[in-house]
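Asks: next input, structure requested:
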Amino acid sequence: MSNPAFHGYIGQRPEVQYLRRLIEGAKLKGQPTPNILLAGGSGLGKTALAKALAKEYGTDCRIICSNADFDAINLSDFCLEWKACDFILVDEAHTLTRSIQELLYRIIDERIGPKASQPFDGPRRQIVGTQPVPEITLIFATDQPGKLLPALKKRINEIRTLLPYTITELIDITQKIAIEFEILLTAQSARMIADSARGTPRLARHLLNSLGKYFAAMPPEVYQKPHVRAFLRKRGIDRHGLGVVDRKYLEILRSSNQIHMSLQAISSMLRCDRGFIAHDIEPWLIENGYIFIEQKRRSITEKGRDSIAINLEGDRQ
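Replies: All right, here's what the predicted structure looks like:
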């Protein structure tokens, strides 16, 4: 592999190098690592990085899967499991309610968490006081850091942003995941999967998982370029890495009589919700130069026009 792995984690080298240095210093001082906010798009490996950081320190990574229903009683139960210097990953941190974020202030500032009654104390559990918690490292993972309370963000020492992976990193990640799935890829095949993964390890994993199932009846000994090309075409992915919705989006912009279009107009024509388009479709199209957004209006670039001029069925790779 061209990129050395960090406890199995590949990529994000500047962030890994910096955070690794912090961990080394914290261990030398016998202290927990400073609290961290990992910001970045979905599928960029925030959870995997948190686990790798905990391994580097030599402690456990305990995961809180946040949602709007996560309450003080849930937090109380988690507090009972923590040990000194554990890494506590708060996944999807932007979904935490205001009251839970405020409870985290005391955990950070005073090492005091909520204490809930036990199930045998009555039919309905409730918060009955506080309990001490050990010194820990909180890692907040989110693709919407702006939804965290400003007072909570001020208590987080390190705010780090994960960026989409380079193609070289994604090829290494694709090869690593393929080994997990017992799939043998040629170099060209690995490159094709990496090119279609939109800069994220998660999508590379999904593609490889589906690739193995697509050929499950007659699996090839080695997945050659024609195998992967046939699979991607059936999935609706062209040689640019554009999917069905991407091409429809670009076709709407190209065909429109308007120079610019609003998200609402595009959403109506695609019959997709605006959140899906804004978070799952547009960032990759912008990053790769297919569209640009100016004053909330969407426009197609020359590259975008050229890409949809190629019919998927006649696409030659």
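Asks: may I have the phi/psi pair for the spatially closest residue to Gln264 that is not a sequence neighbour?
Replies: Of all residues not flanking Gln264 in the chain, Arg274 sits nearest, at 6.8 Å (C-beta to C-beta, 6 or more residues apart in numbering). C-beta coordinates here come from the backbone N, C-alpha and C atoms, glycine included. Arg274 adopts backbone torsions of phi -60, psi -40, taken as degrees, to the nearest 10.
Asks: neighbours around Arg274, how many?
Replies: Arg274 is flanked by 14 other residues according to other C-beta atoms under 10 Å.
Asks: from memory it sits against Ala265, does it?
Replies: No - between Arg274 and Ala265 there is no contact under C-beta atoms under 8 Å: 10.4 Å.
Asks: mind listing what the residue nearest to Gln264 touches?
Replies: 263-264, 267 (C-beta atoms under 8 Å, 6 or more residues apart in numbering).
Asks: can you pull out the residues in contact with stretch 142-155?
Replies: 35, 37-42, 92-94, 96, 98, 101-102, 104-105, 108-109, 140, 159, 279.
Asks: look up how far Asp143 lies from the residue nearest to Gln264.
Replies: Distance of Arg274 to Asp143, computed by C-beta to C-beta, to the nearest Å: 16 Å.
Asks: list the buried residues of stretch 165-174.
Replies: For stretch 165-174, the neighbour count (16 or more other C-beta atoms under 10 Å) marks 165, 169-174 as buried.
Asks: export the biggest helix by length in the chain as CSV, just CAs?
Replies: Identified as the longest helix of the chain according to DSSP state H is helix 13-29. Below are the C-alpha coordinates for helix 13-29, written out as CSV (Å, rounded to 0.1, in the frame of the first residue of the first chain):
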residue,chain,number,x,y,z
ARG,A,13,-2.6,11.8,7.0
PRO,A,14,-2.3,15.4,8.3
GLU,A,15,-5.1,14.9,10.8
VAL,A,16,-3.7,11.5,11.9
GLN,A,17,-0.2,12.9,12.4
TYR,A,18,-1.4,15.8,14.4
LEU,A,19,-3.8,13.8,16.6
ARG,A,20,-1.2,11.1,17.1
ARG,A,21,1.2,13.6,18.5
LEU,A,22,-1.4,14.9,20.9
ILE,A,23,-2.0,11.3,22.1
GLU,A,24,1.7,10.7,22.7
GLY,A,25,1.9,13.9,24.8
ALA,A,26,-1.2,13.0,26.8
LYS,A,27,0.2,9.5,27.5
LEU,A,28,3.5,11.0,28.6
LYS,A,29,1.7,13.2,31.1
